[in-house]
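Colleague: Mind looking at a prediction? Sequence and model below.
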Amino acid sequence: MAESVPPQAVFSASELQIAFGAKPLLQGGTIAILEGERVGLVGRNGCGKSTFLKIAAGVITPDSGTVTTRRSLLTGYLPQDFELEEELTVHEAVLRGAAAVQALIEEYENASADSPNASQLLERIEHLDGWTLDSRAKSLLTNLNAPAAHRIVGNLSGGEKRRIALCRSLIARPELLILDEPTNHLDTDSIQWLEDFLARYAGTCLFVTHDRYFLDRVCNRIVEIHQGGFVSFPGNYTDYLIAQAEREAVSEQTEKKRQKFLRSELEWVRRAPGARRTKSQDRVDRYFEAASQGPPEKAGDADIILPTPKELGNRVISLKNVGADVDGRELFSGLTLEIPAGARIGIVGRNGSGKTTLLRILTGELEPTRGTVERGARTEINLIDQHRLQIDDTKTVWDEVGEGRETVRLGTEDVSLRGYLRRFLFNEDQMGQLTAQLSGGERSRVLLAKILKRGGNVLLLDEPTNDLDLATLRVLEEALVRFKGTVIVVSHDRYFMNRVCTHTLAFEGDQLRFDVGNYEEFIQRRAERMAKPALPPVRKATAVTAVPPLATAPAAARPAARSQKMSWKEERDLETIEARILEAETALALAEVQSNSPDFYKQSPAEMATSHESLISQRQAVVALYARWDDLEQKRAALKE
């Protein structure tokens with residue numbers, strides 16, 4: 001049996017040194033990334049994650065150290081701050097991500113038939129699957145819920161542009177794919193598609209994301225940037241957490257032994273006579289060496305404490321038959337809802353379904369097209385919107401958050417601005433630093449500190465998790481769980497929604513549903529509903545769904561009913577089709593639940609591809625059964641006329 005060839009490094013870096021202004025980031029870090037690995041990069045805001053991605057993508061060079069990539073390596077890169085050509089169509093902008101492949105195709109087409117280089121070019125193009133660029137672009141735009149291919153980039157929103165940039169980074173199927181926060185501005189269905197895509201991806205992936213389910217389901221290795229170096233953990237995010245806990249337990253045990261040694265040695269040094277101390281100088285040296293080491297460094301956590309809210313009245317916010325239209329398009333209508341005091345409501349749904357519009361209606365910033373909204377006399381709303389406030393880059397962190405004051409009012413007490421900023425992990429040096437010099441995650445913490453100090457007993461949060469590191473996310477979750485007011489949050493971060501929310505308001509196909517429970521419970525109930533006959537809709541909507549409604553099929557696919565006698569087979573089909581539909585929907589619901597389980601992503605790529613194809617086939621089978629039922633019912637009705 002031939003020996004398997006060990007995977008080769010596609011990228012390696014040794015003794016990296018780089019600083020951002022006066023702040024050192026990487027300090028001697030060494031790392032190698034092997035072909036086929038899916039590496040999740042984690043670490044505190046400002047530790048250098050995005051900077052390292054730029055080094056790996058060849059956008060910047062380190063101050064010192066060596067960087068090596070495999071020869072002719074094709075790299076795709078999605079940065080946090082990207083640029084798209086405003087005058088291009090969406091389709092053209094996506095294809096720009098495959099410029100290297102298109103150049104190979106052009107060179108091949110211009111080469112003479114007898115050119116010795118032609119066969120090499122053809123082999124390279126086929127290796128990169130270069131002949132399918134147009135169909136791949138269409139598939140990416142559809143699956144990532146991106147704008148229509150003919151639209152002009154300059155007319156798109158920031159979130160739409162980011163989805164185009166993600167499509168552009170994926171289109172060439174690069175051998176090394178580098179993604180910085182790829183899930184930002186993606187809806188849940190698109191995130192799940194991307195997870196599936198990357199889990200089966202043949203190339204190598206390196207990415208930064210705050211989405212913990214994404215890290216758990218895609219990664220086969222976690223790399224943490226810690227104290228300027230790289231610490232590697234095999235496995236996914238769960239494996240990383242277990243290894244971290246074990247490492248900290250070992251550190252604590254080592255520290256206990258060190259402290260015990262110091263106490264016993266100090267006692268010996270104090271009691272030892274001078275002559276004896278001279279003879280045992282090495283023991284004294286060991287004492288001072290141990291004492292100088294200090295305890296192991298522990299990463300500080302943010303300590304987000306929300307201002308104590310004023311007590312809510314019996315009415316928080318009431319909506320009666322509320323509907324909203326945008327640019328002549330109906331988003332939703334007939335929404336009647338009494339928001340409970342103390343509830344933490346997660347709003348979920350596809351991009352463009354109306355979630356942010358609903359938040360603006362709740363605040364009073366936008367009047368509903370139809371219906372009425374009533375807010376309680378004691379209701380005080382604080383909105384953290386999707387785009388948040390703009391930070392003044394000419395101000396320091398101290399001035400931006402303090403806004404001319406040296407204290408912050410938290411409920412009924414004043415705390416010092418210095419103490420408040422420390423809760424958001426800003427040390428003395430950072431408080432005096434210009435906000436322009438902060439990382440994206442640090443800027444997000446500045447904005448959170450600035451907005452949350454406003455107080456309020458109803459917090460509305462639109463995508464609050466973007467750009468926050470995992471540790472800050474955790475304490476934000478804990479702060480919201482402790483909050484005594486009402487929380488309404490729009491987020492595609494499933495982990496965040498599961499930890500925080502007590503209720504779910506779902507833009508689900510052509511209905512809007514309000515349920516008790518977190519996101520995971522909502523997914524379970526949605527699967528159960530799919531196994532039952534459809535319920536009357538609560539409202540009409542034009543939200544785009546990932547799968548066509550199961551109760552309908554395209555009219556063009558249905559043959560016209562013929563006014564002839566039904567055959568024995570048709571009569572038999574009509575008698576049994578309801579039972580067959582129920583059986584098919586039950587099987588589909590079970591498959592949907594399994595596909596959302598973390599165990600689904602532990603399969604091999606081949607098994608996962610088979611499972612994914614089976615799920616698509618089951619969906620199509622249910623749609624076909626409904627279409628058949630409709631055809632037979634139309635024929636029977638025509639025969640009765």
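Modeller: Alright, I've got the coordinates. Not measured: the values here are computed from a predicted model.

Colleague: Send me the helix or strand Ala13 falls within as PDB with only the CA atoms.
Modeller: Element membership for Ala13, per DSSP states H and E: strand 9-20. Listed next in PDB are the C-alpha coordinates belonging to strand 9-20 (Å, rounded to 0.1, in the frame of the first residue of the first chain):
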ATOM      1  CA  ALA A   9       2.200  24.100   4.000                       C
ATOM      2  CA  VAL A  10       0.500  26.600   1.700                       C
ATOM      3  CA  PHE A  11       1.500  29.500   3.900                       C
ATOM      4  CA  SER A  12       4.000  29.900   6.700                       C
ATOM      5  CA  ALA A  13       5.400  32.800   8.700                       C
ATOM      6  CA  SER A  14       8.300  33.000  11.100                       C
ATOM      7  CA  GLU A  15       9.300  35.500  13.800                       C
ATOM      8  CA  LEU A  16       6.700  38.000  12.700                       C
ATOM      9  CA  GLN A  17       7.000  41.500  14.200                       C
ATOM     10  CA  ILE A  18       4.600  44.300  13.500                       C
ATOM     11  CA  ALA A  19       3.300  47.300  15.500                       C
ATOM     12  CA  PHE A  20       0.300  49.600  14.900                       C
END
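
Colleague: Where does pLDDT dip in the stretch 151-300 of the chain?
Modeller: 268-300 (pLDDT under 70).

Colleague: buried residues in stretch 134-154?
Modeller: By neighbour count on 16 or more other Cβ atoms under 10 Å, the buried set for stretch 134-154 is 136-137, 140-141, 143-147, 149, 151, 153. C-betas here are computed from N, CA, C, even on glycine.

Colleague: For stretch 498-506, which residues meet the burial criterion?
Modeller: Buried, per 16+ other Cβ under 10 Å, within stretch 498-506: 498-501, 503-506.

Colleague: ok now do Phe522, which residues does it touch?
Modeller: 348, 504, 506, 515 (Cβ atoms under 8 Å, 6 or more residues apart in numbering).

Colleague: Tell me the confidence at the last one?
Modeller: On the pLDDT scale, Asp515 is placed at 88.

Colleague: in the sheet, who's paired with it?
Modeller: Thr504 (DSSP bridges).

Colleague: Next, count neighbours for it.
Modeller: Asp515 sits with 14 neighbouring residues when counted by other Cβ atoms under 10 Å.

Colleague: about what we covered before: now what about the strand holding Ala13, what contacts it?
Modeller: By Cβ under 8 Å, 6+ apart, the list of residues contacting strand 9-20 reads 24-35, 48, 51-52, 55-56, 62-70, 73, 175-176, 204, 206, 437, 439.

Colleague: In the sheet, which strands lie alongside that strand, parallel or antiparallel?
Modeller: Going by DSSP bridges, the partners of strand 9-20 are strand 23-34 (antiparallel), strand 64-69 (antiparallel).

Colleague: quick one, which of those strands is nearest to Leu306?
Modeller: strand 23-34 (29.3 Å; Cβ to Cβ).

Colleague: Following the chain onward from that closest one, which element is next?
Modeller: strand 38-42.

Colleague: What is that next one packed up against?
Modeller: helix 49-57, strand 204-208, helix 212-218, strand 221-226 (3 or more Cβ pairs under 8 Å, 6 or more residues apart in numbering; DSSP states H and E).

Colleague: could I get these as JSON lines with distance to Arg572?
Modeller: Putting the helices and strands packed on strand 38-42 into JSON lines (distance: least, Cβ to Cβ, whole Å) gives the following:
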{"stretch": "helix 49-57", "distance to Arg572": "61"}
{"stretch": "strand 204-208", "distance to Arg572": "51"}
{"stretch": "helix 212-218", "distance to Arg572": "44"}
{"stretch": "strand 221-226", "distance to Arg572": "55"}
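
Colleague: Reformat the ones you listed as TSV; add mean neighbour count and distance to Gly158.
Modeller: Output for the helices and strands packed on strand 38-42, formatted as TSV (neighbours: other Cβ atoms under 10 Å; distance: least, Cβ to Cβ, whole Å):
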stretch	mean neighbour count	distance to Gly158
helix 49-57	22	18
strand 204-208	24	19
helix 212-218	23	21
strand 221-226	20	27
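
Colleague: still on that earlier bit, which of the contacts of Phe522 sit farthest apart?
Modeller: Val348 and Asp515 (10.6 Å).
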